[in-house]
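K.L.:
Need coordinates for the following:
(2 chains)
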Amino acid sequence: MTKVITRFAPSPTGVLHIGSVRTALYSWLYARQHEGTFILRIEDTDKERSTREFEENIIDGLSWLGLTHDEFYRQSERSAIYKKHLEKLIADGTAYVSKEEPKEEGQLAEVIRFKNPNRVVTFRDEVRGDISFDTTELKDFVIAKDLETPLYHFAVVVDDFEMGVTHIIRGDDGISNTPRQILIQEALGAPRPSYTHLPMILAPDKSKLSKRHGALAVTEYRDEGYLPEAILNFVALMGWNPGNDQEVISVDEMLKLFTLEKVHKGGAVFNIDKLKWLNKHYLKLLPMDRVGEQILARLPDDLRASAKNVPEIFAKVVPVILERISSFGEVAELASGGEVGYFFNDPAYPAEALFWKDDKDAGHTRAHLDKVTETLQKINPADFTADTVKTALWDYATEVGRGNVLWPMRYALSGRDKSPDPFMLAEILGKETTLRRIEHAVKILGS
RNA sequence: GGCCCUAUCGUCUAACGGUUAGGACACGAGCUUUUCAAGCUUGUAAUCGGGGUUCGAUUCCCCGUAGGGUCACCA
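P.N.:
Numbers count the residues shown, from 1 in each chain, chains lettered A, B, ... in the order given. Just a heads-up that it's a prediction; the model follows:
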């Protein structure tokens, strides 16, 4: 049995986006699970549109995801090889130099055309079965501008031939290109590889995912604090499934379960909510110290400084923040929304905010807070945990109405309508700060 | 427009002729001992239409319809 060789062949005319990632992943999986070779080939024959920045973006993205390649090529560095084959085709008479009348600016007076045998080409697609095309309408298509400048279809076929690619796995926008590539292949005397065309990943309006449809670079997801395992899990399940209800799947499991036979035919709309859900799932699996580092890095400068000053408080804040984000990028939003600052700085708020629902009586509220103070003072600072605080307060709160006690207490500690519960806040802030903030609340309620 | 491909909840999908058409995300409700988050339970929600084949079609065939792709001296 021959060795499996797959390739991912992006052109550096755009960033590596989710759709390309899936193509790369499937090719990579297939090569890896067959102990084959995975080639990364940069298709930069279009010098006008290809840039080094895009190439770097693609390489960075793949390496961040862990989709490692065994061989690397750049088509712009292989012109001697294309030239050799071009000359052979011309000598064989399957290609010829053609005199042209330039119709557009920049068009050449002489190009190399392929002598189209004008026949029906049938090929087998691993997911769709046999597909037939009449290639007559292709005419004698152009395969190179000149001997030094091959065009896409020609370069692809030569490369796949020269590199020994056995399995071509690409997007289904490549289906219509296949017949003409097969024609070239046959003229070259190259073997026909196995073809698998993947259904498109679509924008919400069901059009092909593209830059103008908000297709972000994976490097942008990385920068927004998404995890590679979440991205990989997410794209793996768009167009393929392990054959059961499993939603969370690791790369190791994919390596065991992936098959071309289970790849879908229909396109899939990109669903950011599911990506977020998956990312949150993987976030929870991370070691807390790593989560802490990531959160710290994304806090605004002043809060980061505060957090570093009181590491014992920050350590307790980390899980609280983790519960409220689906990617690390949301830490910045959380912080700018004021949902982090109160852990480190005493909050400011109007006295009325302390009132629970309909009870607008400052005297009642003050009395409850006084009772809280009195109770909490009895707790040893070393035992000032959410549990002990809750236990100490619970009976009283239940007796007089939990909201009446717990709302003003929580508000005094956080200064916000929404926050973790007052017991957790008390533990995080510690006895001293807790009592100070409650005292402040009592003060602004007046006498 | 020609050619090619596709079609199950809003979205991702399961069901290799026989299921009360299943799961997940999102959404709604409830619970979780005040708010938020998280978690748990639960609900709403789909086989594009029409013909066949068959005892029986989501599943096979045909025709429509819709969507997408592709028709460069781009990739």
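K.L.:
Quickly find the element holding residue A:55.
P.N.:
helix A:52-65 (DSSP states H and E).
K.L.:
do the same with residue A:436
P.N.:
Counting by DSSP H and E, residue A:436 is part of helix A:422-444.
K.L.:
where along the stretch 301-447 of chain A do the helices fall?
P.N.:
A:301-309, A:311-322, A:330-336, A:362-377, A:386-400, A:402-414, A:422-444 (DSSP state H, counting those that start in this stretch).
K.L.:
Can you give the distance from the shortest one to the centre of its chain?
P.N.:
Taking CA atoms, centre = their mean, to the nearest Å, the mean C-alpha location of helix A:330-336 is offset from the chain mean by 19 Å.
K.L.:
I'd like to know which elements it is packed against.
P.N.:
Packing contacts for helix A:330-336, counted by 3 or more CB pairs under 8 Å, 6 or more residues apart in numbering; DSSP states H and E, involve helix A:288-298. (Each C-beta comes from the backbone N, C-alpha and C, glycine too.)
K.L.:
In the helix it packs on, which residues are buried?
P.N.:
Buried residues in helix A:288-298, defined by neighbour count with 16 or more other CB atoms under 10 Å: A:291-292, A:294-296, A:298.
K.L.:
Skipping its backbone neighbours, what lies nearest residue A:344 in space?
P.N.:
residue A:306 (3.8 Å; CB to CB, 6 or more residues apart in numbering).
K.L.:
Residue A:345 is in contact with the one you found, correct?
P.N.:
Yes: assessed by CB atoms under 8 Å, residue A:306 is found in contact with residue A:345 at 7.0 Å.
K.L.:
what residue ranges in the stretch 151-300 of chain A are flagged as low confidence?
P.N.:
Scanning the stretch 151-300 of chain A for pLDDT under 70 picks out A:211-214.
K.L.:
same thing but at 90, please
P.N.:
Scanning the stretch 151-300 of chain A for pLDDT under 90 picks out A:203-216, A:243-245.
K.L.:
near RNA strand B, which residues of the stretch 151-300 of chain A show up?
P.N.:
A:151-153, A:172-177, A:199-200, A:202, A:205-208, A:237-239, A:241, A:243-245, A:247, A:262, A:264-269, A:271, A:273-274, A:276-277, A:280 (CB under 7 Å from any atom of the strand).
K.L.:
So which of the residues you listed are in helices?
P.N.:
Counting by DSSP state H, the part of these found in helices is A:152-153, A:273-274, A:276-277, A:280.
K.L.:
Need the max-distance pair from those residues.
P.N.:
A:153 and A:280 (43.5 Å; CB to CB).
K.L.:
Stretch A:20-38 vs RNA strand B: in contact?
P.N.:
No: counting by CB under 7 Å from any atom of the strand, RNA strand B is not contacted by stretch A:20-38; separation bottoms out at 9.6 Å.
K.L.:
Convert the C-alpha atoms of that stretch to PDB, please.
P.N.:
Listed next in PDB are the C-alpha coordinates belonging to stretch A:20-38 (Å, rounded to 0.1, in the frame of the first residue of the first chain):
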ATOM      1  CA  SER A  20      -9.400  27.000   5.500                       C
ATOM      2  CA  VAL A  21      -8.700  25.700   8.900                       C
ATOM      3  CA  ARG A  22     -11.200  22.900   8.500                       C
ATOM      4  CA  THR A  23      -9.700  22.000   5.100                       C
ATOM      5  CA  ALA A  24      -6.300  21.900   6.700                       C
ATOM      6  CA  LEU A  25      -7.500  20.000   9.700                       C
ATOM      7  CA  TYR A  26      -9.100  17.200   7.600                       C
ATOM      8  CA  SER A  27      -6.100  16.900   5.400                       C
ATOM      9  CA  TRP A  28      -3.800  16.800   8.400                       C
ATOM     10  CA  LEU A  29      -6.000  14.300  10.200                       C
ATOM     11  CA  TYR A  30      -6.100  12.000   7.200                       C
ATOM     12  CA  ALA A  31      -2.300  12.100   6.800                       C
ATOM     13  CA  ARG A  32      -1.600  11.600  10.500                       C
ATOM     14  CA  GLN A  33      -4.000   8.800  11.000                       C
ATOM     15  CA  HIS A  34      -2.400   7.000   8.000                       C
ATOM     16  CA  GLU A  35       1.100   7.800   9.100                       C
ATOM     17  CA  GLY A  36       1.500   9.700   6.000                       C
ATOM     18  CA  THR A  37       2.900  13.100   5.000                       C
ATOM     19  CA  PHE A  38       1.200  16.400   5.400                       C
END
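K.L.:
coming back round to it: show me which of the residues of the stretch 151-300 of chain A next to RNA strand B are buried.
P.N.:
A:151-153, A:172, A:174-175, A:199-200, A:202, A:237-239, A:241, A:267-268, A:276, A:280.
K.L.:
mind checking the SS state of residue A:2?
P.N.:
Here residue A:2 is recorded as coil under DSSP: H, G, I helix; E, B strand; the rest coil.
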